[in-house]
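J.: Fold the following.
(chains A and B)
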Amino acid sequence: MANGALRVPGLTGPKPVAGPQLARDTSLSAIRLKDAGGRLADNVFHGLVLSCALAILAVVGLVLYELISKSQLSWHAFGFKFFLGQNWDPVQDQFGALPFIYGTIVSSLLALILAVPLAIGVAVFTTEMSPRWLRGPLAFTTELLAAIPSVIYGLWAIFVLVPLLRQYVQPWLARYLGWTGLFEGPPYGIGMLAAGIILAIMIVPIVSSITREVMTAVSQQQRESVLALGATRWEMIRMGVLRNARAGIMGGVILGLGRALGETMALTMVIGNRPEIARSLFAPGYTMASVIANEFSEATGNLYLSALIEVGLALFLVTMVVNILAQLLVWSVTRGAPARTHA
Amino acid sequence: MPEDPIATSKKTVPRVNLRRRVVNGAVTCAAAGSVILVLIPLVAVFGYLVYRGIGSVNWAFLTQTPKPVGEAGGGMANAIAGSAFILLIASVIGVPFGIGAGIYLAEYGRNRFGDVIRFTADVLNGVPSIVIGIVAYGIVVLAQGHFSALAGGVALSLMMIPTISRTTEEMLLLVPNSLREASYGLGISRWRTTLSITLRTATSGVITGVMLAFARVAGETAPLLFTAFGNQYWNFSMEQPTAALPLQIFTYAISPFDEWHRQAWAGALVLIVLIVVSVSAVRIAASRGMLKGAN
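T.: Numbers count the residues shown, from 1 in each chain, chains lettered A, B, ... in the order given. Got it, this is the predicted structure:
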């Protein structure tokens, strides 16, 4: 869908956007002036949809307010050390979130390393190489992958992926790559490696659909001119398409990262849920989202609850920054596509 | 690599060509290979799901409530109904707000303020679902003093609003301006035009957006953990904790009982069938919606 092209950049100018003022701005309103009742109804309608739009602002404001106000207790008790402490001990009322932050970052990075090359490969194949009749079904299948709920991926991972890893993959990795220190220790199956793999499966569709979108936004002339210079198909893709779309692809990758950081259920089911920092990817870990999922409804004591909400606040802020960055990168390609052809 | 490209270019052309062709072929294979590699988990998930689930979905599963641990049989009927109930609450709250905001963005929001709303909707869309759960806990559960179906519905509605508003906006923008102008020309007021002409024309597209949002939240588990909470029995009160299909799958999946694992697979199969059916319906509706919008 060429939605990018349809979005008109906002009009600039002095901006107190009050309801009636906008209605008067339209040239057509002159015709309707005599119908006073209609104008009243118009204003009411405008107010109504405006309040729906304002509700979106209000919700985000509410999210921020709830998270900040309810995490005050923990913030005052631990300050910035909360994010550096390694000790998570509800019994002693000691809370340090570093193991969760570590687990979230490592599992997400692992997922990106596994998913990004595959996702770009899929996007390149569907937009540039596959026969036309195959494109629709391929896009549909990747959409299906994205539609499977997290909890079902988790279920599958527990009963299929984890045993596979334990019996075949982990012993093999330990034998041949054990010297790196990343693959040592007892092969439980569950742990960081399983988490990274299931997360990779889950973010491939997002990354590849954004990549596909920005690659489609690259103008056809680019492709034709590179081909006319005698390039092979791959050289055309590399020089004509990927290079022009790289900011948008980066945006897709970061959007995938944002999704990976906030992913909860599948990870909770396979990561092992142990708040420790271990070098080996075989070891169990814990993520920010899973600690909230596991402990929130059982949290006794205000400080415990507040600490969990502070983890949530940190998660929210990080994903927000990541998503905004991604959004800007994607827009830079899909919106600016026509202008770039002259570069 | 030749040091002096001008001197050697003639001689190396055939050799470079071969290298380039080999690279081209290798990359094509790699891209096709990555497609296959990505399709493997899809086939594996669906295949295993059907294999494990189909034997366990039976009449009892669809009509009974869970039995206590150790007793065979029982089902997830209350969870299926609970999911439907929570989704109904979510839609009642989320759909009007989403469509209203979408109308605002498309018809009144072609300015900087509209950009702010669009941007905020995208931010809201990216908020991790577990964080949405915390917020719903804060505004509903704490206020009521207990877990409830309403809290679950509110959490899911917060996730539906941004998706619905952005797709509604896109669909309304596909409606050609000449239609609006024709309506104004007949002296029809702006609000009537928006509702009866613009929104009407884009109906199937808007429904697509609603269904997509619906399918997306139908499988959500994380925001329900401490809002709807789960329940072993039937419940149709907004005030009470309610079972939900994804919650029940989660609880059963991490339990140590074979019988519960079997039921988790059955529940997963039911859930995925519901979601795939609605996503496929959306695709068909979308292709029709596009045609209608373009005319």
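J.: thinking B:Pro66 is in contact with B:Ala77, fair?
T.: No. With contact defined as Cβ atoms under 8 Å, B:Pro66 does not count as touching B:Ala77 (9.2 Å). (Glycine included, C-beta is placed from N, CA and C.)
J.: which of these two has more neighbours?
T.: Taking neighbours as other Cβ atoms under 10 Å in any protein chain shown, B:Pro66 and B:Ala77 compare with B:Pro66 leading, 22 against 17.
J.: ok, now which ones touch that one?
T.: Contact analysis of B:Pro66 by Cβ atoms under 8 Å, 6 or more residues apart in numbering or on different chains lists B:Gly74, B:Gly75, B:Met76, B:Asn78, B:Gln232, B:Gln248, B:Gln263.
J.: Please name the bridge partners of it.
T.: The partner list for B:Pro66 in beta bridges (DSSP bridges) reads B:Gly74.
J.: tell me which residues in the helix or strand hosting B:Gly94 are buried?
T.: B:Gly94 belongs to helix B:77-103 when assigned by DSSP states H and E. Using 16 or more other Cβ atoms under 10 Å in any protein chain shown as the test for burial, helix B:77-103 gives B:77-83, B:85-87, B:89-91, B:93-103.
J.: again with stretch B:188-206
T.: Those would be B:188-191, B:193-194, B:197-199, B:201-202, B:204-206, for stretch B:188-206 by 16+ other Cβ under 10 Å.
J.: In PDB, list the C-alpha atoms belonging to it.
T.: Presented in PDB, the C-alpha positions along stretch B:188-206 are these (Å, rounded to 0.1, in the frame of the first residue of the first chain):
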ATOM      1  CA  ILE B 188     -24.700  18.400   2.500                       C
ATOM      2  CA  SER B 189     -22.900  19.400   5.700                       C
ATOM      3  CA  ARG B 190     -19.400  18.300   6.500                       C
ATOM      4  CA  TRP B 191     -20.300  15.800   9.200                       C
ATOM      5  CA  ARG B 192     -23.000  14.100   7.100                       C
ATOM      6  CA  THR B 193     -20.500  14.000   4.200                       C
ATOM      7  CA  THR B 194     -17.900  12.400   6.500                       C
ATOM      8  CA  LEU B 195     -20.200   9.800   7.900                       C
ATOM      9  CA  SER B 196     -22.500   9.000   5.000                       C
ATOM     10  CA  ILE B 197     -20.100   9.500   2.000                       C
ATOM     11  CA  THR B 198     -16.500   9.200   3.100                       C
ATOM     12  CA  LEU B 199     -16.700   6.700   5.900                       C
ATOM     13  CA  ARG B 200     -19.400   4.700   4.000                       C
ATOM     14  CA  THR B 201     -17.100   4.400   0.900                       C
ATOM     15  CA  ALA B 202     -14.200   3.300   3.100                       C
ATOM     16  CA  THR B 203     -16.300   0.900   5.200                       C
ATOM     17  CA  SER B 204     -14.600  -2.400   4.100                       C
ATOM     18  CA  GLY B 205     -11.200  -0.900   4.600                       C
ATOM     19  CA  VAL B 206     -12.100   0.400   8.100                       C
END
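J.: Mind checking if that stretch is in reach of chain A?
T.: Yes. Using Cβ under 8 Å from any Cβ of the partner chain, we find that stretch B:188-206 touches chain A at B:Ser189, B:Arg190, B:Trp191, B:Arg192, B:Thr194, B:Leu195.
J.: Local confidence estimate at the second one?
T.: The confidence metric pLDDT takes the value 90 at B:Arg190.
J.: hang on, isn't it packed against A:Asp42?
T.: Yes. Counting by Cβ under 8 Å, B:Arg190 touches A:Asp42, with 4.9 Å between them.
J.: Please tell me how far the residue nearest to A:Leu305 when sequence neighbours are not counted sits from B:Val135.
T.: Of all residues not flanking A:Leu305 in the chain, A:Ala299 sits nearest, at 4.5 Å (Cβ to Cβ, 6 or more residues apart in numbering or on different chains). Applying Cβ to Cβ, to the nearest Å, the value for A:Ala299 to B:Val135 is 16 Å.
J.: got it, and B:Pro128?
T.: 11 Å.
J.: Can you classify A:Leu165 as helix, strand or coil?
T.: Under DSSP: H, G, I helix; E, B strand; the rest coil, A:Leu165 falls in the helix class.
J.: what's the neighbour count on it?
T.: Neighbours of A:Leu165 under the rule other Cβ under 10 Å: 24.
J.: which residues sit in contact with the closest residue to it other than its chain neighbours?
T.: Take A:Leu165 and drop its neighbours on the chain: the residue closest to it by Cβ to Cβ, 6+ apart is A:Gly189, 5.0 Å away. If you count contacts by Cβ under 8 Å, 6+ apart, A:Gly189 has them with A:Val162, A:Pro163, A:Leu165, A:Arg166, A:Gln170.
J.: so the third one makes contact with A:Met192?
T.: The one in question is A:Leu165. No. Under the criterion of Cβ under 8 Å, A:Leu165 makes no contact with A:Met192, lying 11.0 Å away.
J.: which residues does residue 167 contact?
T.: Unless you meant another one, I'm taking chain A. Under the criterion of Cβ under 8 Å, 6+ apart, A:Gln167 has no neighbours.
J.: Can you look at chain B instead?
T.: Contact partners of B:Thr167, counting by Cβ under 8 Å, 6+ apart, are B:Gly102, B:Gly205, B:Val206, B:Thr208, B:Gly209, B:Val210, B:Leu212, B:Ala213.
J.: Which strands or helices does the longest helix anywhere in chain B pack on?
T.: In chain B, with assignment by DSSP state H, the single longest helix is helix B:5-54. Helix B:5-54 sits against helix A:98-124, helix A:132-147, helix A:150-156, helix A:192-217, helix A:233-235, helix B:258-294, with contacts defined as 3 or more Cβ pairs under 8 Å, 6 or more residues apart in numbering or on different chains; DSSP states H and E.
J.: Which residue, other than its chain neighbours, is closest to A:Ile249?
T.: A:Thr211 (5.1 Å).
J.: quick one: that neighbour from A:Gly248, how far?
T.: In this view, A:Thr211 and A:Gly248 are 8 Å apart by Cβ to Cβ.
J.: and what of B:Ser165?
T.: The gap separating B:Ser165 from A:Gly248 is 23 Å, by Cβ to Cβ.
J.: now, among the contacts of B:Pro66, which is nearest to chain A?
T.: Nearest to chain A among those is B:Gln248, at 9.6 Å by Cβ to the nearest Cβ.
J.: Report how many residues lie close to the closest one.
T.: Residues lying near B:Gln248 (other Cβ under 10 Å) number 27.
J.: For it, what is the enclosing helix or strand?
T.: Per DSSP H and E, B:Gln248 falls inside helix B:245-253.
J.: from the buried residues of helix B:77-103, which are also near chain A?
T.: Within the buried residues of helix B:77-103, those near chain A by Cβ under 8 Å from any Cβ are B:Pro96, B:Phe97, B:Gly98, B:Ile99, B:Gly100, B:Ala101, B:Ile103.
J.: The fifth one: what's it in contact with?
T.: For B:Gly100, the set of contacting residues under the criterion of Cβ under 8 Å, 6+ apart consists of A:Leu48, A:Val49, A:Ser51, A:Cys52, A:Ala53, B:Ser165.
J.: helix, strand or coil for the last one?
T.: If I follow you right, that is B:Ser165. Three-state assignment for B:Ser165 (three-state DSSP): helix.
J.: And the closest residue in space to it that isn't next to it in sequence, how close does it get to A:Leu64?
T.: Excluding the flanking residues, the one nearest B:Ser165 by Cβ to Cβ, 6+ apart is B:Ala101, at 3.8 Å. Counting by Cβ to Cβ, the gap from B:Ala101 to A:Leu64 is 19 Å.
J.: Comparing B:Ser165 and A:Gly248, which residue is more hemmed in?
T.: Higher neighbour count among B:Ser165 and A:Gly248: B:Ser165, with 32 against 27, using other Cβ under 10 Å.
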